[in-house]
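**Student:** here you go, sequence then predicted model.
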Amino acid sequence: MRGLLAVLMVAAMSVHSEEFTDEAGITWYYNVEDGGAVIFLAANASGAVSVPSELNGTPVRKIMAYPHQQVFGWGNSTVTSLTIPSGVTHILPYSFNRLQGLVSLTLPETLMRIVTGK
């Protein structure tokens with residue numbers, strides 16, 4: 001049921017979104033706002049993950065999650081470290097919620113705001 005829900009949510013969100021698959025095989029789904037990419041989903045992420053600084057030539061500025069869908073999937077236990085690139089200015093609520101295997105997080109100096117959930 002969760003798999004079907006995730007597929008439906010991606011389909012609904014991707015109506016106006018773009019995607020980029022990196023060398024590690026991670027597919028990044030994002031929207032473009034004010035000239036910057038806003039990542040909302042990363043499919044096939046595991047191990048040491050580095051968020052790209054650009055997606056199809058658009059600089060990454062924000063990372064966010066849609067309601068009931070975390071960026072790396074609900075209850076992901078395979079992402080062990082996460083590096084956010086310079087240029088990212090905002091991390092919005094629930095973006096990394098339930099990353100159960102995460103042991104290392106590297107944040108950039110450009111980060112101006114992290115908004116947490118409840």
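**Tutor:** In hand now; what should we look at?

**Student:** so what does the residue most central in space within the chain look like in phi/psi?
**Tutor:** The chain has residue 71 as the residue nearest its centroid, 4.1 Å off, counting by CA atoms, centre = their mean. Dihedral pair for residue 71: phi -60, psi -40, per degrees, to the nearest 10.

**Student:** and it, what pLDDT?
**Tutor:** Residue 71 carries a pLDDT value of 92.

**Student:** check the gap between it and residue 35 for me.
**Tutor:** As judged by CB to CB, to the nearest Å, residue 71 and residue 35 stand 21 Å apart. Backbone N, C-alpha and C define where each C-beta goes, glycine included.

**Student:** what's the answer for residue 67, then?
**Tutor:** 26 Å.

**Student:** ditto for residue 94
**Tutor:** Distance from residue 94 to residue 35, by CB to CB: 25 Å.

**Student:** residue 93 now?
**Tutor:** Residue 93 is 23 Å from residue 35, by CB to CB.

**Student:** neighbour-wise, which of the two wins?
**Tutor:** The neighbour comparison of residue 93 against residue 35 (other CB atoms under 10 Å) goes to residue 93, with 13 against 8.

**Student:** need phi/psi at the more buried one.
**Tutor:** Torsion angles, degrees, to the nearest 10, at residue 93: phi -50, psi 140.

**Student:** what does residue 106 give?
**Tutor:** According to degrees, to the nearest 10, residue 106 has phi -110, psi 120.

**Student:** how about the closest residue to it other than its chain neighbours, what does it touch?
**Tutor:** Closest residue to residue 106 apart from its sequence neighbours, by CB to CB, 6 or more residues apart in numbering: residue 83 at 4.3 Å. Residues in contact with residue 83 (CB atoms under 8 Å, 6 or more residues apart in numbering) are 48-51, 106.
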